[in-house]
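> sequence unknown, structure follows:
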């Protein structure tokens, strides 16, 4: 399990490469929430999401020989872009395996960050088999999206920044709301705060119907989602908490908070109007929980991670409507 | 004239109250511009624009007796909101004089920041007479939008941050593009950079038809705009450079850059898609110049201030279309 030493080592490797994202606030949002709301704007991170932290942490932890052979990741989304840019800046070859029906803009962006994109047919092909063959023949290292020590350590650097920024504000007790898919960000932040700001409690946030983490925490053991798709929050629709992440969450995080897609869209619109940042629906669930679940939150302040902002124009229009 | 000592004093007063806004970049924008583009995201500043800096600087420089009587400003836009919030946080009464036909949302926001809004009829009333009467009867201090030493010093704190942030990046030579209305931000930043990063050259940016500063700099004396309205860049349609600001600009800034409204809208759309921040058209003219006037800019890096993000939803939709 990554510990605070691993997270601080990742922070040292990320220094000067990842952005120290700001904590944003607005009196308008405070009024809606009934307490002070702080958004940790990870949508401003390189590639538009926190995933660049984990990607950089993993790439920079490889040996020069491993880096020279290259890396591979399975993702149609933010993890693909984070790994692709981190690999490009390390001069490492990078293969991203994506479904052929992924949105054209995501394929295009991943290629623009310098990755080789290998497409597969979701109905016909076995993604893992394709990836395993590529990894073996080329000697590529697989970078998993959340169940990876160095990835979790990288995401944890966001927690170190939150601890430092809240200390500057004089805030030592608060709930920290984190959009949660497989739990890499949530676990990393929880480990960082355990060591550096133990008065802060991490709360995973998920969309309705995809609240595997909330249910798993309530049950004390892993629960899976019934469906694989069906929410606008595509960035965080992982089927179940990870094998590495769940033990951390069970020890340090919860209870989970659950919001509707409509509430995530409303939070996106308010982030645009009041904080001047773009959030994608999955990146807006923590802000939505802060705004629309005030009775489930404790304290005078609430911190929300705005985990990503990679959203298609059409969805944008819908959030504004 | 405010000097570096006044700007650093303002920075000390602003510390812990204004946001140190991030410098954002994207390889996609670098490709369009043909050099590295850095956006100083002042749209993320409290009240959605750099104007909070000048407002706070002015309020915090008053004597306790002056603050207790209160302040007054004429503005329908970003200056109103910046002064209103700064006054509220200082516990000072604040009157904002606005035309009755200002957009409802701006009147509402200014009131929400705690100001008393006094409306006047543009056709029938004399704004200055109304303001002067209020100021005299209540003992209010007028906070001008740009021709004020403490306001210029406050805006200059943005320049101190740019100097420090570029030093961290190892950049010592570059053009710094600044959206320019009356020139308060441009002059403040120019004074800060003259003292702290003399290899950086300040370039005012304006919309077509409202390029009074560019023409004034070319002529060596003040030139006025022919029209008062007629651009989407409402935040920067001041009729002429200020009496305090122009001598600074003439000594330290230029030549000016001019972009069309359509280019400002395109820059807005690219800021949303690639940097995940909201710019208003007037706040996007410097980014537009960086992207669409590459031949008029020198060096491997260009810094643009994104001066504000207070935009109506309808204009948003138009930028995205």
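Everything's here; your move. Small disclaimer: the values here were computed from a predicted structure and weren't measured. Numbers count the residues shown, from 1 in each chain, chains lettered A, B, ... in the order given.
> helices or strands up against the helix or strand containing residue A:7?
When elements are assigned from DSSP states H and E, residue A:7 belongs to helix A:4-14. The contact analysis (3 or more CB pairs under 8 Å, 6 or more residues apart in numbering or on different chains; DSSP states H and E) places helix A:4-14 against helix A:51-61, helix A:149-169, helix A:184-196. In this view, the C-beta of every residue, glycine as well, is placed from N, C-alpha and C.
> Just give me how far that helix sits from the chain centre.
18 Å (CA atoms, centre = their mean, to the nearest Å).
> which residues touch the closest residue in space to residue A:156 that isn't next to it in sequence?
Leaving aside its sequence neighbours, residue A:156 sits nearest to residue A:188 (CB to CB, 6 or more residues apart in numbering or on different chains; 3.2 Å). By CB atoms under 8 Å, 6 or more residues apart in numbering or on different chains, the residues touching residue A:188 are A:2, A:7, A:54, A:152, A:153, A:154, A:155, A:156, A:157, A:158, A:159.
> Give the burial count for whichever residue of the stretch 1-150 of chain A sits closest to chain B, as a bare number.
Here the stretch 1-150 of chain A gets closest to chain B at one residue, residue A:43, 4.5 Å apart by CB to the nearest CB. Close neighbours of residue A:43, defined as other CB atoms under 10 Å in any protein chain shown, add up to 28.
> List, one by one, the residues from chain A near chain B.
When proximity is defined as CB under 8 Å from any CB of the partner chain, chain A approaches chain B at A:16, A:19-22, A:24-28, A:41, A:43-44, A:46, A:48, A:85, A:112-113, A:168, A:272-273, A:275-278, A:309, A:313, A:316-317, A:320.
> residue ranges for the strands of chain A, please.
A:23-24, A:36-41, A:71-74, A:94-99, A:116-120, A:141-142, A:174-179, A:200-207, A:257-259, A:301-306 (DSSP state E).
> neighbouring strands for the first one, and are they parallel or not?
On the basis of DSSP bridges, the sheet neighbours of strand A:23-24 come out as strand A:36-41 (antiparallel).
> pLDDT wise, what is the closest residue to the residue of the stretch 1-150 of chain A closest to chain B other than its chain neighbours at?
Once flanking residues are discounted, residue A:43 sits nearest to residue A:309: 3.1 Å by CB to CB, 6+ apart. Residue A:309 is assigned a predicted lDDT (pLDDT) of 96.
> What of the one 10 residues further on?
Model confidence at residue A:319, given as pLDDT, is 83.
> swap in residue A:250?
98.
> If you tally nearby residues, what's the number for it?
16.
> Residue A:81 versus that one, what's the distance?
30 Å (CB to CB, to the nearest Å).
> what about the stretch 51-200 of chain A, any weak spots by pLDDT?
Along the stretch 51-200 of chain A, no part satisfies pLDDT under 70.
> again, only using 90
Regions of the stretch 51-200 of chain A meeting the criterion pLDDT under 90 cover residues A:75-77, A:99-107, A:122-129, A:131-132.
> Quick one: residues contacting residue A:37.
By CB under 8 Å, 6+ apart, the contact list for residue A:37 reads A:25, A:26, A:29, A:30, A:287, A:290, A:291, A:301, A:302, A:304.
> what about the third one, how many neighbours?
I take that to be residue A:29. Residue A:29: 25 neighbours (other CB under 10 Å).
> Check the first one too.
Burial of residue A:25 is recorded as 18 neighbouring residues (other CB under 10 Å).
> repeat for the second one
Under the neighbour criterion other CB under 10 Å, residue A:26 is assigned a count of 21.
> before we move on, what about the last one?
Using other CB under 10 Å, the number of residues around residue A:304 comes to 33.
> Nearest residue to it in space, ignoring adjacent ones along the chain?
Spatial nearest neighbour of residue A:304, excluding adjacent residues (CB to CB, 6+ apart): residue A:286 at 3.9 Å.
> was I right about that neighbour contacting residue A:186?
No: if you go by CB atoms under 8 Å, residue A:286 and residue A:186 don't touch, sitting 10.0 Å apart.
> any residues in contact with both of those two?
Listed as contacting both residue A:286 and residue A:186 by CB under 8 Å, 6+ apart are residue A:178.
> pLDDT wise, what is residue A:224 at?
Residue A:224 is given a pLDDT of 95.
> Next up, phi/psi of it, please.
Main-chain dihedrals, residue A:224, degrees, to the nearest 10: phi -100, psi 160.
> Tell me who's in contact with it.
Contacts for residue A:224 (CB under 8 Å, 6+ apart) come out as A:212, A:239, A:240.
> What of residue A:221?
Taking CB under 8 Å, 6+ apart as the definition, residue A:221 has no contacts.
> quick one: it and residue A:215, what's the gap?
Distance, residue A:221 to residue A:215, using CB to CB: 10 Å.
> Check residue A:266 too.
Separation of residue A:266 from residue A:215 (CB to CB) stands at 24 Å.
> ditto for residue A:236
15 Å.
> Looking at the two, which has the bigger crowd around it?
The neighbour comparison of residue A:236 against residue A:215 (other CB under 10 Å) goes to residue A:236, with 28 against 18.
> if I look at the more buried one, how far off is residue A:53?
Residue A:236 is 16 Å from residue A:53, by CB to CB.
> just residue A:267 next, same as before
Using CB to CB, residue A:267 is found at 22 Å from residue A:53.
> cool, residue A:152 as well?
10 Å.
> rewinding a little: the residue nearest to residue A:304 and residue A:180, how far apart?
Residue A:286 sits 9 Å away from residue A:180, going by CB to CB.
> shared neighbours of these two, anything?
residue A:205.
> in the stretch 201-321 of chain A, which spans are helices?
Assigned by DSSP state H, counting those that start in this stretch, the stretch 201-321 of chain A shows helices spanning A:212-219, A:245-252, A:261-270, A:285-292, A:313-320.
> Please work out which of the ones you listed is packed deepest.
Across the helices of the stretch 201-321 of chain A, averaging neighbours per residue (mean count of other CB atoms under 10 Å in any protein chain shown) puts helix A:285-292 on top, at a mean of 29.
> Give me the contacts around it.
With CB under 8 Å, 6+ apart as the test, helix A:285-292 has contacts from A:29, A:32-33, A:37, A:39, A:177-179, A:203, A:205-207, A:233, A:236, A:257-259, A:263-264, A:266-267, A:270-271, A:279, A:296-297, A:302, A:304-307.
> cutoff 7 Å now
Residues outside helix A:285-292 that contact it (CB atoms under 7 Å, 6 or more residues apart in numbering or on different chains): A:29, A:32-33, A:37, A:39, A:177-179, A:205-207, A:233, A:257, A:259, A:263-264, A:266-267, A:270-271, A:279, A:297, A:302, A:304-306.
> what about the closest residue to residue A:40 other than its chain neighbours, how many neighbours?
Distances taken as CB to CB, 6+ apart put residue A:305 closest to residue A:40, at 4.7 Å, once the chain neighbours are dropped. Per other CB under 10 Å, the neighbour tally for residue A:305 reads 31.
> Does residue A:176 touch residue A:204 like I think?
No: in this structure, residue A:176 is not within contact of residue A:204 by CB atoms under 7 Å, at 10.2 Å.
> the more surrounded of these two?
With neighbours defined as other CB under 10 Å, residue A:176 and residue A:204 compare such that residue A:204 has more, 33 against 26.
> Which strand residues bridge the more buried one?
With DSSP bridges applied, residue A:204 shows beta-bridge pairing to residue A:178.
> Quick check: the gap between it and residue B:175.
The spacing between residue A:204 and residue B:175, counted by CB to CB, is 45 Å.
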